[in-house]
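In: Take this sequence and fold it.
(chains A and B)
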Amino acid sequence: MAAGKEIRTKIKSVQNTQKITRAMQMVATSKMRKTQERMRQARPYAEKVREVMAHLAQINPSARASSPFLRNPSELKRVGIILVTADKGLCGGLNTNSIKVFNEKIKEFRNQNVEIDVCVLGQKAFLAANRVKANISGSATGLGDIPKMEQLIGPLTGVFRDFYEQKLDAVYVIYSKFVNTMKQQATFEQILPLSDRDLRLDHKYPWDYVYEPSAEEVLDQLVRRYIESVIYQCVADNMASEQAARMIAMRAATDNAGNAIHELSLAYNKSRQAAITKELAEICAGAAAV
Amino acid sequence: MTTMLVDIVSSEEQIFSGEAEYIVAPGYEGELGVYPHHIQLINRLKPGVLRVKLPTHDVHLVFAISGGFLEVQGNKATVLADIVERSDDLDEAKLIEQKKLAEERIKQSTSAMHEDDAKAYAALELIIAQLKAVEYSNKQARRS
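Out: Here you go, the predicted structure:
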């Protein structure tokens, strides 16, 4: 029965693993709902800021031309990349996919002799940036399950200042876009300079606002808020993706554990049956000999 | 009485949305009141007290905000705030304690730390705004 006992311990250990993965799956499911809620809640602000910003930029070409945030550099010398990942693993290929995109872009920019500053949000992003020996200009790790603006402002302010002072010519973000529960897409997007789509240049606004203080100052502040809210949205998306990916990964792990247990119990029963048959045969043989 | 739509949103969530008779906001160059059918306007806000008069209530809804924007157009006022809190959610005793702490931090800091100084002042301004909001709603409660 030695084989039987071994199999039994194995079944026990797989069962324990299954308990853990099932618990993680349930935790991820409930957290996913919360993070998705967050994602939606942040939307009205981003939409409103974008609307007002577009309106202002449209109606005040002089303010638009003079704003360092809205300049459009012809040549890239130094760029900023904001890499958003989860803090923890055990969420399938989520972090790996984002980091793969990150590594490709780093290689691309290095080939073009463009210098890179990286701002990392999330523990895994920090490790990935260190691995490629990138210059880390700002970092925030241990973001928890709900994104908080205060935590992001610090590292982002550095990036904005560098762009404002023309040390950076462009800023990009890499994160996992939440498409649906089953699908998360590693995404590379340009944040600064703002695209024409962001500014809705095709849209015509017939009237102007009354400002306090000046249009230039209000526009600069609005652009800053807009970018902050875009990044916030990216982090919120990434967190929803993280929980969804973890839920899927843990469900797969639970299913796999179930299969393993099934196979192991088959083997266990077989070996038990074999042992009993063997014992019976021995007894019968012994009886016949007497 | 005519009313207008008022939206108060922070970068993290929507705080308030509904009809109001007027609002009073802490503008950068002085407090300003907005009534229905106000001219289109964008105004930077400083840390302070934001009040909303609802048609159904005699007392104002009181918020403490840390700054942001007020946008008015088409009989609709939108407050884009950085941090907003309802005065009912604030605890006066705790705020007074926080204020002391913040003031001490500013006193102790040396002139070398510019960035931290700015942060400490911003924190203090927010706490003062929150205290004012609590004070205002207390006064309102006593009056009614």
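In: in what helix or strand does A:P206 lie?
Out: Following DSSP states H and E, there is no helix or strand that holds A:P206.
In: Run through the residues that contact it.
Out: With contacts defined as C-beta atoms under 8 Å, 6 or more residues apart in numbering or on different chains, A:P206 is in contact with no residue. Every residue, glycine included, has its C-beta placed from N, CA and C.
In: so what's the backbone phi/psi at it?
Out: phi -80, psi -20 (degrees, to the nearest 10).
In: Return the per-residue confidence for A:G138.
Out: Here the pLDDT value assigned to A:G138 is 86.
In: List the residue ranges of the stretch 51-200 of chain A that fall below the pLDDT cut-off.
Out: Within the stretch 51-200 of chain A, the stretches with pLDDT under 70 are A:196.
In: Would you map the helices across it?
Out: Here the stretch 51-200 of chain A has its helices, by DSSP state H, counting those that start in this stretch, at A:61-66, A:94-111, A:123-131, A:149-164, A:196-199.
In: Please apply the same query to chain B.
Out: B:92-108, B:114-143 (DSSP state H).
In: Indicate which one of those helices is closest to chain A.
Out: helix B:114-143 (8.9 Å; C-beta to the nearest C-beta).
In: Next up, the contacts around the closest residue to chain A within chain B.
Out: In chain B, no residue comes nearer to chain A than B:E13, which is 3.9 Å away by C-beta to the nearest C-beta. By C-beta under 8 Å, 6+ apart, the contact set of B:E13 is A:38, A:41-42.
In: go on, B:I15?
Out: Here B:I15 is in contact with B:8-9, B:63, B:81, B:84, B:86 (C-beta under 8 Å, 6+ apart).
In: Return the residues of chain B in contact with chain A.
Out: B:7, B:9-14, B:27-29, B:39-44, B:68-69, B:71, B:73, B:78, B:80, B:82 (C-beta under 8 Å from any C-beta of the partner chain).
In: For the closest residue to chain B within chain A, which residues are in contact?
Out: Scanning chain A for proximity to chain B using C-beta to the nearest C-beta identifies A:Q41 as nearest, at 3.9 Å. Residues near A:Q41 by C-beta under 8 Å, 6+ apart: B:12-14.
In: what about chain B, any weak spots by pLDDT?
Out: B:109-117.
In: Show me the domain layout of it.
Out: What automatic domain parsing lists as the domains of chain B is B:4-87, B:90-143.
In: and among those, the most buried is which?
Out: domain B:4-87 (a mean of 19; mean count of other C-beta atoms under 10 Å in any protein chain shown).
In: hang on, A:A252 is in a helix, isn't it?
Out: Yes - A:A252: assigned to a helix according to DSSP: H, G, I helix; E, B strand; the rest coil.
In: Now do it against A:R78, distance only.
Out: 42 Å (C-beta to C-beta, to the nearest Å).
In: Compare the two and say which is more crowded by neighbours.
Out: Taking other C-beta atoms under 10 Å in any protein chain shown, A:A252 and A:R78 do not tie; A:R78 has more neighbours (17 against 13).
In: Confirm for me that A:V173 is in contact with A:A186.
Out: No - using C-beta atoms under 8 Å, A:V173 is not in contact with A:A186, being 11.4 Å away.
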